[in-house]
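Chemist: Okay, sequence plus prediction incoming.
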Amino acid sequence: MQSIPTKGGAGERTRAPRSPITHERAGRMLAGGSVLACMALGWLASPWFLLGAAGTALNLIVSAITDRCLVKSLLIALGLPGERDLGRAEALAGSASARVDRPPAPTQLPPVRAEAADGRRRLADRLGVTIN
């Protein structure tokens, strides 16, 4: 991850850039917020609000077992990216900058087996990058 310099004097500190909110982070924020809100309303207004906290906990357990969650599906439909999407984008951005900073290739490359070259070509096609 690159660091972004902050305004300062000779002893400038750097901070990491903010990453966009992913659907995993947004789902955890919504679950935590709903549990806190239901607990507060259960304490202040009526104990029946504690059923909302229990429902949120039950949804978390079911989604952990089945790997399906309605809130996650809604957040993805709203267009929030996932952790994998951000990692893939960072890897592609890093490989593009690595290509620019790479030293010149040697004049003679060692022979590559056909299976390895085919696997690299398929991976490059899947990632949408070109191989020199």
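Modeler: In hand now; what should we look at?
Chemist: in the longest helix along the chain, what counts as buried?
Modeler: The longest helix of the chain (DSSP state H) is helix 23-44. Residues of helix 23-44 classed as buried: His23, Ala26, Gly27, Ala31, Ser34, Val35, Cys38, Leu41, Gly42 (neighbour count, 16 or more other Cβ atoms under 10 Å). In short, each C-beta sits where N, CA and C put it, glycine included.
Chemist: Tell me, how many residues neighbour Gly82?
Modeler: For Gly82, the tally of surrounding residues (other Cβ atoms under 10 Å) stands at 15.
Chemist: Thought Pro20 was touching it, still the case?
Modeler: No. If you go by Cβ atoms under 8 Å, Gly82 and Pro20 don't touch, sitting 10.8 Å apart.
Chemist: any low-confidence regions in the chain?
Modeler: 1-19, 94-117, 132 (pLDDT under 70).
Chemist: quick one, strands of it?
Modeler: Using DSSP state E, the strands of the chain run over residues 4-5, 14-15.
Chemist: ok, Pro81 - contacts?
Modeler: Pro20, Thr22, His23 (Cβ atoms under 8 Å, 6 or more residues apart in numbering).
Chemist: 7 Å instead?
Modeler: Neighbouring residues of Pro81 by Cβ atoms under 7 Å, 6 or more residues apart in numbering: Pro20, Thr22.
Chemist: what about it, distance to Asn59?
Modeler: 22 Å (Cβ to Cβ, to the nearest Å).
Chemist: Check Ala124 too.
Modeler: Taking Cβ to Cβ, one finds Ala124 at 40 Å from Asn59.
Chemist: Thanks a lot, catch you later.
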